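S.K.: Sequence and predicted structure, then a few things I'm wondering about:
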Amino acid sequence: MKIIDVLIVGAGAAGMMCAIEAGRRGRSVRVVDHASKPGEKIRISGGGRCNFTNLEGDRVERFLGENPRFATSALKRYGPQDFIKRVDRAGIAWHEKTLGQLFCDDSAKQIIRMLTDDMREAGVTLSLGLSVDGVERSGDGFEARLSDGSVVWATSLVLATGGKSIPKMGATGWAWETARTFGLRVTETRPGLVPLTFEPGLLEKLAPLSGLSVEAVISHRASSSAERGRPNEETAFAEGMLFTHRGLSGPSILQISSYWREGEAITARMAPGEDVYAKLKAAKEENGKQMVHTALSHIVPRRLAESVCEREGVKGKLAEVGDKVLRRLDEAVNGWTVKPVGSEGYRTAEVTLGGVATAELDQQTMAAKAVPGLYVIGEAVDITGWLGGYNFQWAWSSGWAAGQHC
Ligand code: FDA
């Protein structure tokens with residue numbers, strides 16, 4: 001049996017960060033991952049350029065969970081500027097794309113290389129293509145049986161296997177199952193930052209719009225379920241929205257999907273900042289012979305204008321329609337309320353909402369309060385960020401925090 005200080009399961013963003021920090025403290029650290037390469041989600045993130053943090057990545061109100069304030073300590077002690085300094089030291093060029101989102105100029109692989117180089121320097125052992133067949137408490141540590149038949153005993157065990165999104169990349173619920181076996185509570189888990197889907201009838205009507213992208217403000221009001229917290233509070237995101245052959249996608253939809261629940265509606269303002277009624281009325285006064293859909297296509301893309309007119313049963317020239325109809329079109333463009341039937345699920349979700357309950361963990365160290373030596377970090381914890389670099393920042397921060405202690 002091999003005896004080490006720290007066994008980390010999961011060589012993703014959080015696990016590698018934790019390993020580097022613990023290794024630098026002189027701990028003997030082994031990271032085990034069933035994938036053949038470390039940091040596969042880093043590699044595919046941000047379209048291959050990794051949106052590695054957000055300039056506002058330490059703002060706790062940009063995170064969801066039973067108690068997002070839990071994240072404050074780690075995010076403040078190791079924040080976006082700390083990670084940026086590290087990226088700068090590694091000579092990785094980056095740029096801000098939009099809304100504080102920082103991306104590599106070149107490739108996400110540079111971030112992986114930086115982390116694996118740091119792990120090597122810190123003396124960390126990385127074992128790929130290996131999983132943990134069983135783990136149990138043994139004395140004041142943990143005994144883990146690995147899939148190659150070997151047994152490892154470690155003082156500290158770090159659960160860093162992330163969430164369930166993109167199962168074809170090997171995502172599993174291992175961290176939650178293991179946390180449960182040690183008596184830790186796991187909150188409801190579900191796909192987040194995910195496209196939303198429509199029922200077939202609506203999809204057929206919207207089919208001509210597939211592939212169309214518009215700038216939109218998407219809002220949502222949570223139903224008044226006591227468990228959800230913040231009942232009736234409105235959440236809104238102003239970013240791109242994309243019509244797909246399944247429903248809606250694009251940044252604003254991914255963002256709202258983390259707040260949306262089955263049975264609830266979302267509202268889209270597809271010409272934000274525009275008074276559609278006033279514009280159509282002015283167009284009518286100027287040239288009543290103009291077709292309604294043509295006038296509307298000066299405000300929203302033509303395909304959308306035609307679809308809105310068709311769905312509202314509005315045909316003909318501006319002079320032939322009354323103010324009531326113009327108001328209806330305004331409502332259809334800037335108050336389009338629709339009930340998605342579901343989401344595309346873990347297959348395409350960027351994150352998993354929920355996870356190991358923060359009430360079970362110490363916010364300074366990420367250690368389980370009731371199980372000395374057990375730590376949970378990254379996406380496995382019930383902390384989920386907005387789209388835009390927040391989830392990696394949580395992985396870096398929580399991994400760093402555990403790495404100071406484990
Ligand atoms: P992560 O998932 O990174 O790592 C978990 C590791 O555990 C993996 O290496 C996996 O192989 C391993 N593992 C799983 N089960 C195991 C088992 N049973 N045994 C052994 N090993 C196991 N975020 C962001 O901030 N900016 C971005 O640009 C993006 N982009 C993005 C794109 C796509 C397509 C996805 C799916 C996700 C993103 N994200 C993102 C989210 C981000 O990737 C995610 O939040 C972090 O990778 C979470 O880091 P973790 O280390 O917690 O898990």
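M.R.: Arrived safely. Numbers count the residues shown, from 1 in each chain.

S.K.: What is the neighbour count of whichever residue of the stretch 1-150 of the chain sits closest to the ligand?
M.R.: In the stretch 1-150 of the chain, the residue found nearest to the ligand is residue 12; the distance is 1.8 Å by C-beta to the nearest ligand atom. To be clear about C-beta, it is placed using only N, CA and C from the backbone, and glycine gets the same treatment. Number of residues near residue 12 (other C-beta atoms under 10 Å) recorded here: 29.

S.K.: again with the one 5 residues further on
M.R.: Residue 17 has 30 neighbouring residues, counting by other C-beta under 10 Å.

S.K.: swap in the one 10 residues further on?
M.R.: Neighbours of residue 27 under the rule other C-beta under 10 Å: 20.

S.K.: which residues does it contact?
M.R.: Taking C-beta atoms under 8 Å, 6 or more residues apart in numbering, we find residue 27 in contact with 5, 6, 156, 406.

S.K.: The ligand versus residue 363, what's the distance?
M.R.: To the ligand, residue 363 is 17 Å away according to C-beta to the nearest ligand atom, to the nearest Å.

S.K.: what residues are up against that residue?
M.R.: Neighbouring residues of residue 363 by C-beta under 8 Å, 6+ apart: 70, 71, 72, 73, 74.

S.K.: These, buried ones only, as a ChimeraX selection?
M.R.: In ChimeraX, this line selects whichever of the contacts of residue 363 come out buried by 16 or more other C-beta atoms under 10 Å:
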select :70,71,73,74
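
S.K.: Which two of the contacts of residue 363 have the greatest separation?
M.R.: 70 and 74 (8.6 Å; C-beta to C-beta).

S.K.: Of the contacts of residue 27, which ones also sit close to the ligand?
M.R.: Restricting the contacts of residue 27 to those touching the ligand (C-beta under 6 Å from any ligand atom) yields no residues.

S.K.: Is it possible to get CSV of these that adds secondary structure and pLDDT?
M.R.: Formatted as CSV, these follow (DSSP: H, G, I helix; E, B strand; the rest coil; pLDDT from 0 to 100):
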residue, secondary structure, pLDDT
5, strand, 98
6, strand, 98
156, strand, 98
406, coil, 98
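
S.K.: Just the buried residues from those residues, in ChimeraX please.
M.R.: Command for ChimeraX that selects the buried part of the contacts of residue 27, burial taken from 16+ other C-beta under 10 Å:
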select :5,6,156,406
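
S.K.: Can you name the residues that contact residue 248?
M.R.: Counted by C-beta under 8 Å, 6+ apart, residue 248 has contacts 195, 196, 198, 241, 242, 340.

S.K.: for it, phi and psi?
M.R.: Main-chain torsions, residue 248, degrees, to the nearest 10: phi -130, psi 150.

S.K.: bridging residues for it?
M.R.: With DSSP bridges as the criterion, residue 248 is bridged to residue 196, residue 243.

S.K.: ok, residue 155 touching residue 5?
M.R.: Yes - here residue 155 reaches residue 5: they are 5.3 Å apart, a contact under C-beta atoms under 8 Å.

S.K.: Overlap in contacts, the two.
M.R.: Residues touching both residue 155 and residue 5 (C-beta under 8 Å, 6+ apart): none.

S.K.: Contact residues of the stretch 201-350 of the chain facing the ligand?
M.R.: With the criterion set to C-beta under 6 Å from any ligand atom, the stretch 201-350 of the chain comes near the ligand through residue 350.

S.K.: What residue spans form the domains of the protein?
M.R.: 2-190+352-403, 196-343 (automatic domain parsing).

S.K.: Which of those has the lowest mean pLDDT?
M.R.: The minimum mean pLDDT among the domains of the chain belongs to domain 196-343 (a mean of 94).

S.K.: show me what contacts residue 238?
M.R.: 215, 216, 217, 252, 272.

S.K.: What of residue 385?
M.R.: Listed by C-beta under 8 Å, 6+ apart, the contact partners of residue 385 are 57, 62, 63, 64, 351, 391, 393, 394.

S.K.: ok, now how distant is the closest residue to the second one other than its chain neighbours from the ligand?
M.R.: Put plainly, it is residue 62. Using C-beta to C-beta, 6 or more residues apart in numbering and skipping residues adjacent in sequence, the residue nearest residue 62 is residue 386, 4.7 Å away. As for residue 386, its distance to the ligand is 9 Å (criterion: C-beta to the nearest ligand atom).

S.K.: Looks like residue 15 contacts residue 31 (just checking).
M.R.: Yes - here residue 15 lies in contact with residue 31, judged by C-beta under 8 Å, at a distance of 5.7 Å.

S.K.: on that earlier part again, what is the nearest of the contacts of residue 385 to residue 378?
M.R.: If you rank the contacts of residue 385 by distance to residue 378 using C-beta to C-beta, residue 394 comes first, at 7.0 Å.

S.K.: Tell me the secondary structure of residue 18, please.
M.R.: Assigned by DSSP: H, G, I helix; E, B strand; the rest coil, the conformation of residue 18 is helix.

S.K.: pretty sure it is touching residue 377, no?
M.R.: Yes - the pair formed by residue 18 and residue 377 meets the contact definition of C-beta under 8 Å, at 5.8 Å.

S.K.: Between the two, which contacts overlap?
M.R.: Counting by C-beta under 8 Å, 6+ apart, the contacts common to residue 18 and residue 377 are 158, 160, 399, 402.

S.K.: Does the first one belong to a helix, a strand or coil?
M.R.: Following three-state DSSP, the label given to residue 158 is strand.

S.K.: does it really touch residue 405, like I thought?
M.R.: No - using C-beta under 8 Å, residue 158 makes no contact with residue 405, being 10.2 Å away.

S.K.: can you list residues touching both of those two?
M.R.: Each of residue 375 lies in contact with both residue 158 and residue 405 under the rule C-beta under 8 Å, 6+ apart.

S.K.: Neighbour count: these two, which is higher?
M.R.: A direct count of neighbours by other C-beta under 10 Å for residue 158 and residue 405 places residue 158 higher, at 32 against 16.
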